[in-house]
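J.: Test case, fold it:
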Amino acid sequence: MDLTRREVAAPRAPLGGGGGRGGGRSDGRSVWVRLGLMAVPAAFFAVFFGYPVAAIVGRGLREGGHWQFARVGQVLGDPDVLHVLWFSLWQAAASTGLTLALALPGCYVFARLDFPGKRLLRAVATVPFVLPTVVVGSAFLALAGRGGLLDEWFGVRLDTSVWAILLAHVFLNYAVVLRTVGGLWAQLDPRQEEAARVLGAGRLSAWRRVTLPALAPSLGAAALIVFLFTFTSFGVIQVLGGPRYATLEVEIYRQTATLLDLPAAAVLTLTQFAAVAALLAVHAWSVRKRESALSLVPADSTAHRPSGAAQWAALYGVLVPTLLLLLAPLGVLVERALNGPDGYGFAFFRALSAQSDSATFVVAPAAAIGNSLAYAAVATLIALLVGGLAAAALTRRAGRLVRGFDALLMLPLGTSAVTVGFGFLIALDEPPLDLRSSWILVPLAQALVGVPFVVRTMLPVLRAVDVRLREAAAVLGASPLRAWREVDFPLVRRALLIAAGFAFAVSLGEFGATVFIARPDRPTLPMAVARLLGRAGEMNYGQAMALSTILMLVCAATLLALERVRTDSAGEF
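T.: The predicted structure follows:
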């Protein structure tokens, strides 16, 4: 028995890999398998991310075969660019702080209290995160813009102030904090805080001294993610910012699409890339600290029904304003879509099937629905293939190479999608990769955004699979592919469905890159919404609201389906 206990407690060695040359062969085979799994994702990111971004930078900063590094100082010394940098940092910091302040009470309610409709509300809270940012901008425009609900009822307009941008960012990123911090909070053992209270600490003091330090790494990770998303904000600023406010992403778009100043765009891209790389490095450190420093318990054992007036008051005191924040913009979106020229009805929805007379929008707006669904389906398949292989390669924690590979997979979330989209046009324009006229460009750009969600969803589940099952399969003669099919796949099937759902939802909403590469005769839903909002007239505005409503309903249905198959061991998203 003592020997058995020591064997179980000691770090497990591969079965059959005892000492000497046998262990060396097993370790060597593991390394080659890992490298093989990394090959496809690495090639995908090299060709469809690294190459286009490098092409933009090279086209902007190389002249006559020489690098023009003096241009960096000229661009970064421009007062207008400095103002954009300052606003990008300031609004990202303000958005992050406001999101944490408003979402933390919700984290407590979802982590510690059990109440009817909890799963439904979790899905509703996640809907804004996967909505296209142009749809979020149009929702807040309908709520707080000129002629919006607040303007009609109270004479209040926020579209000319920074508050509309900040609230839209809270609306978008509430789910990031809820799932990152709330997910960890639900797995913290409540008995530790209860022990502090038995020893005389008050409720607030016990939370501050016991729970808050345990949540600190998760809070830091959530704050970094929210800061990253708001620092690179594009669609929300385009719709709500007007001429006064611009982030780095918006300025890159302006320099690229309007001014055709590629050197300036290249410098701004490098600046954004450096900032994002630093944020991701800090995020990776915080995740490792969170994984290694905490002892967790099953989430379903920590929640309880509210007891007493204080807990019921806390429940309703959090849920009512949260639902107001999350549902008011979506509700106004639907109301504007149904409020037609002759009263409430489906006039704007019926108008979507009418042929457009615009030279830049040459098909009926309804065509964008089928285009988006087809593009998103293909993008999901690509993201599952690339992200699944990457997650399998990252299953066993390893050294700097694997951590660097993990960070590489996250870079598209923070790198300028505008740069990637324009890079597709100028880099993939000659054999063997002459894809400018091919429909596959759009799913490829969307898959770049979907892969990180697949990896983050699949990785915790794959790491939870007992390695001894794979080792036993290998001893019995199974190849790595068969071992994965027979051992891993049955255990991770539900997580795979969740990953597919998130990849599909975020692919539907991708806008920054597809605005460059989607053809006028095959627009996507976000592209159609943006173009309709940019044209004057009640009918164009109403059709934009109708398309936004359709997209919102598709995303909501996808997320509700995901909640039905959600597993406690799945990743944060």
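J.: Could you tell me how many residues sit around residue 326?
T.: Counted with other CB atoms under 10 Å, residues neighbouring residue 326 total 21. Every residue, glycine included, has its C-beta placed from N, CA and C.
J.: To clarify, my last question referred to residue 70.
T.: In terms of burial, residue 70 registers 9 neighbours under the definition other CB under 10 Å.
J.: May I have the phi/psi pair for it?
T.: When quoted as degrees, to the nearest 10, the phi and psi of residue 70 stand at phi -60, psi -30.
J.: With residue 189 instead?
T.: Taking degrees, to the nearest 10 as the convention, residue 189 sits at phi -70, psi 110.
J.: my guess is it contacts residue 214, does it?
T.: No. Applying CB atoms under 8 Å, one finds residue 189 not in contact with residue 214, separated by 9.3 Å.
J.: Okay, now the unreliable bits of the stretch 301-450 of the chain?
T.: Across the stretch 301-450 of the chain, the ranges flagged by pLDDT under 70 are 301, 355-361, 396-403, 414.
J.: What segments of it are helices?
T.: Counting by DSSP state H, counting those that start in this stretch, the stretch 301-450 of the chain has helices at residues 308-338, 347-351, 367-393, 400-414, 417-427, 441-464.
J.: Of all the residues in the second one, which ones are buried?
T.: Which is helix 347-351. For helix 347-351, burial by neighbour count (16 or more other CB atoms under 10 Å) applies to 347-349, 351.
J.: One more: the fifth one?
T.: For helix 417-427, the buried set under the neighbour-count rule, 16+ other CB under 10 Å, comprises 417-425, 427.
J.: And it, what does it pack against?
T.: Helices and strands touching helix 417-427, as assessed by 3 or more CB pairs under 8 Å, 6 or more residues apart in numbering; DSSP states H and E, comprise helix 51-61, helix 248-253, helix 262-293, helix 441-464, helix 514-517.
J.: Give the full set of residues in contact with residue 206.
T.: For residue 206, the contacting residues are 193-194, 196-197, taking CB atoms under 8 Å, 6 or more residues apart in numbering as the criterion.
J.: three-state assignment of residue 72?
T.: Three-state secondary structure (criterion: DSSP: H, G, I helix; E, B strand; the rest coil) places residue 72 in helix.
J.: what helix or strand is residue 558 on?
T.: helix 538-565 (DSSP states H and E).
J.: residues of that helix that come out buried?
T.: Using 16+ other CB under 10 Å as the test for burial, helix 538-565 gives 539-552, 554-556, 558-560, 562-563.
J.: Figure out the length between the terminal residues of stretch 141-161.
T.: Criterion CA to CA, to the nearest Å; first-to-last residue distance in stretch 141-161 is 12 Å.
J.: Name the surrounding residues that touch that stretch.
T.: Residues outside stretch 141-161 that contact it (CB under 8 Å, 6+ apart) are 140, 164, 167, 239-240, 242, 244, 328-329, 332-333, 335-336, 533, 545.
J.: tell me which of the buried residues of helix 347-351 is nearest to residue 249?
T.: When the buried residues of helix 347-351 are compared for distance to residue 249 (CB to CB), residue 348 comes out closest, at 29.8 Å.
J.: Skipping its backbone neighbours, what lies nearest the closest one in space?
T.: Spatial nearest neighbour of residue 348, excluding adjacent residues (CB to CB, 6 or more residues apart in numbering): residue 542 at 3.7 Å.
J.: Please report the distance of the one you found from residue 555.
T.: With the distance defined as CB to CB, to the nearest Å, residue 542 ends up 20 Å from residue 555.
J.: and the gap between residue 504 and residue 468?
T.: From residue 504 over to residue 468 the distance is 34 Å, taken as CB to CB.
J.: Looking at these two, which is more packed in?
T.: residue 504 (25 against 11).
J.: Does residue 140 lie in a helix or a strand, and which?
T.: Once you assign secondary structure using DSSP H and E, residue 140 falls within helix 133-144.
J.: Can you point out the buried residues in the very next helix or strand once past that helix?
T.: The helix or strand immediately downstream of helix 133-144 is helix 149-154, counting by DSSP H and E. Of all the residues in helix 149-154, those buried under the rule 16+ other CB under 10 Å are 149-151.
J.: do the same with stretch 51-65
T.: For stretch 51-65, the buried set under the neighbour-count rule, 16+ other CB under 10 Å, comprises 51-53, 55-57, 59-61.
J.: Check the burial of residue 440 by counting its neighbours.
T.: A count of neighbours around residue 440, defined by other CB under 10 Å, yields 13.
J.: Residue 524 versus the residue nearest to it when sequence neighbours are not counted, what's the distance?
T.: Nearest residue to residue 440, sequence neighbours excluded (CB to CB, 6+ apart): residue 378, at 7.4 Å. For residue 378, the distance to residue 524 (CB to CB) stands at 12 Å.
J.: Likewise for residue 506?
T.: In this view, residue 506 and residue 524 are 13 Å apart by CB to CB.
J.: Kindly report the same for residue 544.
T.: When residue 544 is compared with residue 524 (using CB to CB), they lie 14 Å apart.
J.: got it, and residue 203?
T.: From residue 203 over to residue 524 the distance is 50 Å, taken as CB to CB.
J.: more neighbours, the two?
T.: Under the criterion of other CB under 10 Å, the comparison of residue 203 against residue 524 puts residue 524 first, with 29 against 11.
J.: Mind pulling the model confidence for that one?
T.: Residue 524 carries a pLDDT value of 88.
J.: same deal with residue 264?
T.: Predicted confidence (pLDDT) for residue 264: 82.
J.: so how many other residues sit close to it?
T.: Number of residues near residue 264 (other CB under 10 Å) recorded here: 22.
J.: Name the nearest residue to it, sequence neighbours excluded.
T.: Leaving aside its sequence neighbours, residue 264 sits nearest to residue 255 (CB to CB, 6+ apart; 4.5 Å).
J.: just residue 328 next, same as before
T.: residue 143 (6.2 Å).
J.: Same check on residue 417?
T.: residue 512 (2.8 Å).
J.: repeat for residue 269
T.: residue 419 (4.7 Å).
J.: just to revisit the earlier point, write the PyMOL selection for whichever of the contacts of stretch 141-161 are buried.
T.: This is the PyMOL syntax for the buried subset of the contacts of stretch 141-161, where burial follows 16+ other CB under 10 Å:
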select buried, resi 140+164+167+239+240+328+329+332+333+336+533+545
